[in-house]
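In: Need a 3D model of the following:
(one chain, ligands or ions: 1)
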Amino acid sequence: MDVNVVDVRHVSRRFGGHVALDDVSFSVARGEILGVIGRSGAGKSSLLRCLGALDRPDAGQILIEGQDITTLPQAQLVSLRRRIGFVFQHFNLLGSRTVAGNISLPLEIAGVPRAQRPQRIAALLALVGLSEQGDKWPAQLSGGQKQRVGIARALANDPALLLCDEATSALDPETTTAILDLLAEINRELGLTIILITHEMDVIRRIATHLVVLDQGRIVENAPTLAIMGAATQSTVTQALLSETQPQVPPALRARLVAEPAPDGWAIIRIRLAGEAAWQPLLSQLGQQYGVEATVLQGGTTEIAGQPFADQIVSVTGYCAEIHDFLTQFDPSLKVLGHVPADH
Ligand SMILES: Nc1ncnc2c1ncn2[C@@H]1O[C@H](COP(=O)(O)OP(=O)(O)OP(=O)(O)O)[C@@H](O)[C@H]1O
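Out: Have a look, this model is predicted:
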């Protein structure tokens with residue numbers, strides 16, 4: 001039986017009177033990319049430290065490949081930590097070692113014989129696209145290259161789990177995309193299980209197959225990312241986090257929105273379509289079937305966890321109950337955001 005790589009069961013962590021993690025439970029199956037998101041102070045770092053066996057919870061269990069790390073003696077913890085790779089926000093490379101030397105360090109600590117190291121280091125450098133950079137010093141690298149070294153170092157001992165702590169928060173948007181693509185590729189090629197801690201919903205949207213939303217130490221959402229993005233109801237915290245990356249009604253139009261339909265005016269709706277429905281020519285179908293005009297004002301179609309997902313603000317003329325019923329077949333969470341009276 002293939003056990004989950006991670007099982008977190010009723011974990012709590014207190015600091016003095018403050019509860020940082022409150023009865024947190026979730027599982028991560030092999031090969032999943034789990035995103036953990038929450039606002040500042042939600043408990044993300046506390047969770048990561050417990051998952052990485054850098055801190056012990058006050059209550060609950062954390063099983064890594066079926067082994068409870070909260071009760072393991074120190075000696076066994078050392079070998080267990082080798083099953084977990086860490087990727088840090090600020091890379092944490094040793095400036096006194098070359099790129100190859102940084103990647104070699106975990107191999108040396110694990111007791112990999114000297115003769116075997118160069119081959120392993122070369123394979124890791126190739127995996128992260130730095131084959132020519134082994135002899136360089138960290139100071140000679142860009143932020144993105146430093147993070148590639150950080151990822152290669154984290155993979156050195158062939159971990160079962162990769163823990164990424166805000167791995168792209170210090171990088172520019174283009175480099176963020178390249179690093180997220182690299183993590184997705186490593187996940188695909190090695191089947192590696194990844195937990196990403198982040199405060200950026202965009203990171204989650206791009207690569208996380210599953211999502212846990214933390215708020216004040218508690219889990220408020222735990223499901224496949226696509227299901228949460230397309231859900232009819234979400235927690236207030238999730239809505240706030242999602243709104244950062246969701247299309248919004250253009251401000252000039254928002255100022256003209258009224259609550260009631262107006263003759264000859266248009267309705268402004270928000271439609272989300274997950275899976276195959278996102279590729280369907282729904283709006284042109286609407287035009288043909290009902291003789292109305294539907295225009296996408298904001299948003300588009302992207303991929304979430306390899307599945308198409310459309311999130312759009314659309315204006316529709318002649319909006320009526322029939323059209324609403326037609327569209328809610330495809331998006332039960334469809335929202336009419338308001339109406340714009342005709343410009344007479
Ligand atoms: N060592 C500590 N001592 C006292 N309080 C702590 C400690 N570590 C965390 N906390 C508290 O626990 C709560 C959760 O903190 P944590 O750092 O886990 O949140 P976070 O989601 O990672 O926040 P951020 O995104 O700002 O890093 C916070 O209220 C924090 O002040």
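In: For the rest of this, base every contact and every neighbour count on C-alpha atoms.
Out: Fine.
In: what's the distance between L51 and P281?
Out: Look at L51 and P281: by Cα to Cα, to the nearest Å, they are 45 Å apart.
In: Neighbour count: the two, which is higher?
Out: L51 (25 against 9; other Cα atoms under 10 Å).
In: hang on, the more buried one packs against I62?
Out: Yes. Between L51 and I62 there is a contact at 7.0 Å, judged by Cα atoms under 8 Å.
In: can you list the domains in the protein?
Out: Using automatic domain parsing, the domain parsing of the chain gives 6-243, 251-340.
In: And these: which comes nearest the ligand?
Out: The ligand lies closest to domain 6-243 among those, at 3.2 Å (Cα to the nearest ligand atom).
In: The nearest residue to Q147 once chain neighbours are set aside: what's it in contact with?
Out: Leaving aside its sequence neighbours, Q147 sits nearest to F91 (Cα to Cα, 6 or more residues apart in numbering; 5.6 Å). Residues in contact with F91 (Cα atoms under 8 Å, 6 or more residues apart in numbering) are K146, Q147, G150.
In: Could you look up the SS state of the spatially most central residue of the chain?
Out: What sits nearest the mean C-alpha location of the chain, by Cα atoms, centre = their mean, is I204, with 2.2 Å. At I204, secondary structure determined by DSSP: H, G, I helix; E, B strand; the rest coil is helix.
In: State the distance from the nearest residue to it once chain neighbours are set aside to I268.
Out: Nearest residue to I204, sequence neighbours excluded (Cα to Cα, 6+ apart): G35, at 5.7 Å. Using Cα to Cα, we find G35 at a distance of 32 Å from I268.
In: do Q307 as well
Out: Counting by Cα to Cα - Q307 and I268 are separated by 26 Å.
In: if we can go back for a sec, which of the contacts of F91 fall in helices?
Out: K146, Q147, G150 (DSSP state H).
In: the helices in the protein, which residues?
Out: 44-51, 74-81, 99-109, 117-127, 143-155, 173-190, 201-207, 225-230, 236-243, 251-254, 282-290, 321-328.
In: Any idea which of those gets closest to L273?
Out: helix 225-230 (7.0 Å; Cα to Cα).
In: Tell me which residues are up against the closest one.
Out: 204-205, 208-211, 221, 234, 242, 272-274, 304-305, 307, 309, 333.
In: Okay, buried residues for it please.
Out: Across helix 225-230, burial judged by 16 or more other Cα atoms under 10 Å covers T225, L226, I228, M229, G230.
In: Next: stretch 146-166.
Out: Buried residues in stretch 146-166, counted by 16+ other Cα under 10 Å: 146-157, 159-166.
In: Distance from stretch 323-339 to the middle of the chain?
Out: With Cα atoms, centre = their mean, to the nearest Å as the basis, stretch 323-339 stands 28 Å off its chain's centre.
In: And stretch 88-104, by the same measure?
Out: 25 Å.
In: Quick one: check that stretch for contact with the ligand.
Out: No. Judged by Cα under 6 Å from any ligand atom, stretch 88-104 stays clear of the ligand, getting no closer than 11.0 Å.
In: Give me the distance between the two termini of that stretch.
Out: 17 Å.
In: ok, now which ones touch the residue nearest to the centre of the chain?
Out: Contacts of I204 (Cα under 8 Å, 6+ apart): G35, T198, L211, T225.
In: got it, and K44?
Out: Applying Cα under 8 Å, 6+ apart, the residues contacting K44 are V36, I37, G38, I197, T198, L214.
In: so which of those are also by the ligand?
Out: Answer for the contacts of K44 near the ligand (Cα under 6 Å from any ligand atom): G38.
In: For the buried residues of helix 225-230, point out the one with the lowest pLDDT.
Out: On pLDDT alone, G230 ranks lowest of those, at 78.
In: R49 versus that residue, what's the distance?
Out: From G230 to R49 the distance is 31 Å (Cα to Cα).
In: Next: Q280.
Out: Distance check for Q280 against R49: by Cα to Cα, it reads 44 Å.
In: higher neighbour count, the two?
Out: Ranked by neighbour count (other Cα under 10 Å), Q280 and R49 place R49 first, with 15 against 11.
In: Name the nearest residue to that one, ignoring sequence neighbours.
Out: R49's closest residue in space is D55 (Cα to Cα, 6+ apart), at 5.4 Å.
In: Tell me, what's the model's pLDDT at the nearest residue to L180 once chain neighbours are set aside?
Out: Closest residue to L180 apart from its sequence neighbours, by Cα to Cα, 6+ apart: I207 at 6.9 Å. Looking at I207, its pLDDT reads 93.
In: Tell me how many other residues crowd I207.
Out: With other Cα under 10 Å as criterion, I207 counts 22.
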